[in-house]
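# model the structure of this input:
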Amino acid sequence: MRRHIHNARDLILPIIDFFYPPFRRVMNLQTFRYAASGGANTLLGFVIYFISYEYVLHKKDLDFSFYAFKAHSAALFISFCVTFPIGFFMAKYVVFSDSTMKGRVQLFRYFMICMFNLALNFILLKILVEKAHIYPVLAQVLTTTIVILFSYLAQRHFSFKAGAEEEESTG
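Below you'll find the predicted structure:
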């Protein structure tokens, strides 16, 4: 399993790093890797959201008989189920590989932040779609934009925090 993870990391890093030079003056490599991997995962999330909303759910509520999710909310949760594990892999092995924290602690913290982000995304989506009557896919793009900055800061300084001696040498 570890070998497969490192093989995937060794495949992904050169691709991301290839596009870094033009951005060197405006951000460090780690921030660029976060932006690139997070951007790709976010784009994947939008695609899954759109496909789920339009073609899987056909814009209809997902009814479990005891509770019915609005189609835009159900699509959000479907998208989350795919992007959560991919996002954790990218954060742990591609972006914040300098962290010495145990993997299960990272996963728990990453999950907590993702749950907060999911709740914030859900609330904003409900407001934009149900109150402001914005098309759900556009509303999802807007809410995601709001959540991204918080997510980076929380992941860098909480989920994948580097040891104190590492922060001093890089900061």
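# only C-alpha atoms from now on, for both contacts and neighbour counts.
Fine.
# just the strands in this protein please.
62-63, 68-69 (DSSP state E).
# in JSON lines: those, plus mean pLDDT, mean neighbour count and distance to M101.
As requested, the strands of the chain are arranged in JSON lines below (pLDDT from 0 to 100; neighbours: other CA atoms under 10 Å; distance: least, CA to CA, whole Å):
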{"stretch": "strand 62-63", "mean pLDDT": "91", "mean neighbour count": "14", "distance to M101": "39"}
{"stretch": "strand 68-69", "mean pLDDT": "88", "mean neighbour count": "14", "distance to M101": "37"}
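# adding distance to C114, write those out as JSON lines.
Output for those, formatted as JSON lines (distance: least, CA to CA, whole Å):
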{"stretch": "strand 62-63", "distance to C114": "23"}
{"stretch": "strand 68-69", "distance to C114": "20"}
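# figure out which of those is closest to G103.
strand 68-69 (33.0 Å; CA to CA).
# packing partners for the closest one?
Applying 3 or more CA pairs under 8 Å, 6 or more residues apart in numbering; DSSP states H and E, we find strand 68-69 packed against strand 62-63.
# helices or strands next to the strand it packs on in the packing?
Against strand 62-63 (3+ CA pairs under 8 Å, 6+ apart) you get strand 68-69.
# direction included, what does the strand it packs on pair up with?
Sheet pairing for strand 68-69, assigned by DSSP bridges, gives strand 62-63 (antiparallel).
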